[in-house]
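Chemist: Okay, predicted coordinates and the sequence, questions at the end:
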Amino acid sequence: TAMRALLTLATLALPWCLAAPAAASTFFVTLGTVDEPDVDLTDGACTPSGGVGCTLRAAVMQANHDAGPDTIVLMPMGVTTITLFRMAYDDNALRGDLDVTDDLTVRTGMFVGSSVWIEWDNSVAPTYDRIFHVLDGASLTLDDVAITTGYATSGTSAGYGGGVMVEPGAALHAGDTTFS
């Protein structure tokens, strides 16, 4: 029947939607919107402090720790905003912007009508920061996300890359992504 065919198709498609791409060494699914770091980079698990489930920051930290390309899938139900607020500057994604040190893809999951906005909490002035910082030798692919309210900080890189700072020797690829 038509219903049986539809259920079979859905059953076959679901593992494909959730499966890691063949080239990815690590695949993380984030469900939360809080901004918490990973507690143990050596365990290979996305485990932020506070036991809040895999966060974007914890997943980026784990992806940086694992050699090879990684994929983070943001799985919102509806429109979701992830607000970054962890102050200070570093190049390991522990605080401030989300530093990317290896090949990373960040994309929204496949729920119809879902979207993810990643923003900086501008209420914590005077230390604003970018959303992502792609370091030399790394690449970041963004697919179906919105990057907003990033701020190009002071210093030698002031004015460069409010949403995403891409260092020389690094790469940014964006598909169906909004910057504002």
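Modeler: The structure has been received and is ready for your questions.

Chemist: where does this structure have low pLDDT?
Modeler: For the chain, the stretches with pLDDT under 70 are 1-25, 77, 86-89, 110-114, 122-128, 153-161.

Chemist: Helices along that one, start to end?
Modeler: 2-18, 56-65 (DSSP state H).

Chemist: Go ahead and produce CSV holding the CA coordinates of the last one.
Modeler: Backbone C-alpha positions of helix 56-65 (Å, rounded to 0.1, in the frame of the first residue of the first chain) are rendered in CSV as follows:
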residue,chain,number,x,y,z
LEU,A,56,27.9,23.8,20.1
ARG,A,57,31.0,25.0,22.0
ALA,A,58,31.7,21.5,23.5
ALA,A,59,31.3,19.9,20.0
VAL,A,60,33.7,22.5,18.5
MET,A,61,36.2,21.8,21.2
GLN,A,62,36.0,18.0,20.6
ALA,A,63,36.2,18.5,16.9
ASN,A,64,39.4,20.5,17.3
HIS,A,65,40.9,17.8,19.5
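
Chemist: list the helices and strands that helix packs on?
Modeler: Here helix 56-65 touches strand 26-30, strand 70-74, strand 98-100, strand 103-108, going by 3 or more Cβ pairs under 8 Å, 6 or more residues apart in numbering; DSSP states H and E. All C-beta atoms are positioned from the backbone trio N, CA, C, and that covers glycine.

Chemist: Adding distance to Tyr151, write the ones you listed out as JSON lines.
Modeler: Output for the helices and strands packed on helix 56-65, formatted as JSON lines (distance: least, Cβ to Cβ, whole Å):
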{"stretch": "strand 26-30", "distance to Tyr151": "23"}
{"stretch": "strand 70-74", "distance to Tyr151": "22"}
{"stretch": "strand 98-100", "distance to Tyr151": "14"}
{"stretch": "strand 103-108", "distance to Tyr151": "19"}
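
Chemist: Can you say which of those strands is packed in most?
Modeler: The highest mean neighbour count among these, using mean count of other Cβ atoms under 10 Å, belongs to strand 98-100: a mean of 26.

Chemist: Now do it: distance to the chain's middle.
Modeler: 9 Å (Cα atoms, centre = their mean, to the nearest Å).

Chemist: Show me the contact partners of that strand.
Modeler: 56-57, 60, 63-64, 84, 90-93, 131-135, 138-140, 170 (Cβ atoms under 8 Å, 6 or more residues apart in numbering).

Chemist: ok, Thr141 - how many residues close by?
Modeler: 17 (other Cβ atoms under 10 Å).

Chemist: is it true that it touches Asp102?
Modeler: No - assessed by Cβ atoms under 8 Å, Thr141 is found out of contact with Asp102, at 12.0 Å.
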